Structures are given as C-alpha cells and as structure tokens.
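Undergrad: Next one to model:
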Amino acid sequence: MSRWRPPRPKSSPYVTAQGYQVLEAELKQLWERRKHVTAALSAAAAEGDRSENAEYIYRKKELREIDRRIHYLQKRLPSLTVVSEKPSNQNQVFFGAWVTLETMDGDEVTYRIVGADEIDTSGGLISLDSPLARALLKKNLDDEVVFRQAERELRYYIVDIKY
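TA: As a prediction, this is how the structure comes out:
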C-alpha cells in the first residue's frame, strides 16, 4: 500500500478586506519573529556540539516552520481577490454574508461566509468551500437549506442575512 494521496483541491481565491489585512499583519509579524529566532539560533550554534544541543535543534525546527508559513503567505497573498463591496441584492446569500440559520429544533446559529484563509469556526467564520456555505450560496431569506454532513441530512431555514 502506498502513501501517495492526490493533491487537495485548490481553495477559493477570495478573501474579505479584514481577512487580507490580518494575513498581511501576520506576514509582517513573522518576519520580525524570524529575526529573533535567527539570532537565538546563531547563539545556540556558537555553543559547540550541535548534535546534542537541544536549543539549536528546537530553533532550527522553529525557523523551518516560520519559513514555511512565510513562503505560503508570499505565494498566497498576491493570488487573492479582495471582496469588499456589498452585493446589489442583499436578501440573497453571497460571499461575506452573515447568515442566521434556524435548526429544526428552533435553535439559531450564525455563520459568516469567508475565504479559506480566514476560517474560525469558534467565531462563526466558515469557508466558502465548505459544504454548508456551498448549500447557502444564492439562497434567499426564508429558504430551506438541506445538506449532508457525514451520515445525516441537516435542514436549516434562513432567518437573517446581513452584510
């Protein structure tokens, strides 16, 4: 049995204006952090034997992770499309909408449809590529939304849409 897996499908290239600013700030912060890590790495390397130097090994791993994230952000930021204007029909669900849904039990949940780089499920931010967001797109107020999650079918009613 091989370990090969097909590549993941590319995520949508859309981001909100706030999300883009957060990503830019993260990139700037990573460059600052990288300066401190390289200084600590060179200090650890000066201590001598690197094979048994835990500080050196830790800093190398930390630097590798910082460089990986910097590389990703430098490639991703120029390819993103910032969506900042509101759609003309604000009674329909599009990218950037805050959607309040009512479950079959009468509970209400609120989600915002954002780009793949802005996901925060604890804050109610779901990706445009998620099954729920795809089911919600272009639906109107008071529409029923049905989608499958694992082995069950979930039904929601759209109660409110805000931009």
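
Undergrad: quick one: buried residues of stretch 36-43?
TA: Along stretch 36-43, these residues count as buried under the neighbour rule (16 or more other Cβ atoms under 10 Å): 37, 40-41. All C-beta spots, glycine's among them, are computed from the backbone N, C-alpha and C.

Undergrad: which residues sit in contact with the closest residue to residue 128 other than its chain neighbours?
TA: Counting by Cβ to Cβ, 6 or more residues apart in numbering, residue 128 lies nearest to residue 12, which is 4.7 Å off, once chain neighbours are set aside. Taking Cβ atoms under 8 Å, 6 or more residues apart in numbering, we find residue 12 in contact with 115-116, 127-129.

Undergrad: Out of those, who's the most crowded?
TA: Neighbour tally across the contacts of residue 12 (other Cβ atoms under 10 Å): the maximum, 25 neighbours, falls on residue 115.

Undergrad: so what pLDDT did it get?
TA: Listed pLDDT for residue 115 reads 94.

Undergrad: And residue 161, by the same measure?
TA: In this model, residue 161 is scored at 94, pLDDT.

Undergrad: returning to what we had before: now, among the contacts of residue 12, which is nearest to residue 162?
TA: residue 128 (17.0 Å; Cβ to Cβ).

Undergrad: and the closest one, what does it touch?
TA: The contact partners of residue 128, by Cβ under 8 Å, 6+ apart, come to 12, 14, 95, 113-116, 134, 137.

Undergrad: So the residue most central in space within the chain: helix, strand or coil?
TA: By Cα atoms, centre = their mean, the chain has its centre lying nearest to residue 117, at 2.8 Å. Here residue 117 takes the helix state, with states given by DSSP: H, G, I helix; E, B strand; the rest coil.

Undergrad: just checking, what's the longest helix in this protein?
TA: With secondary structure taken from DSSP state H, the chain has its longest helix at helix 17-45.
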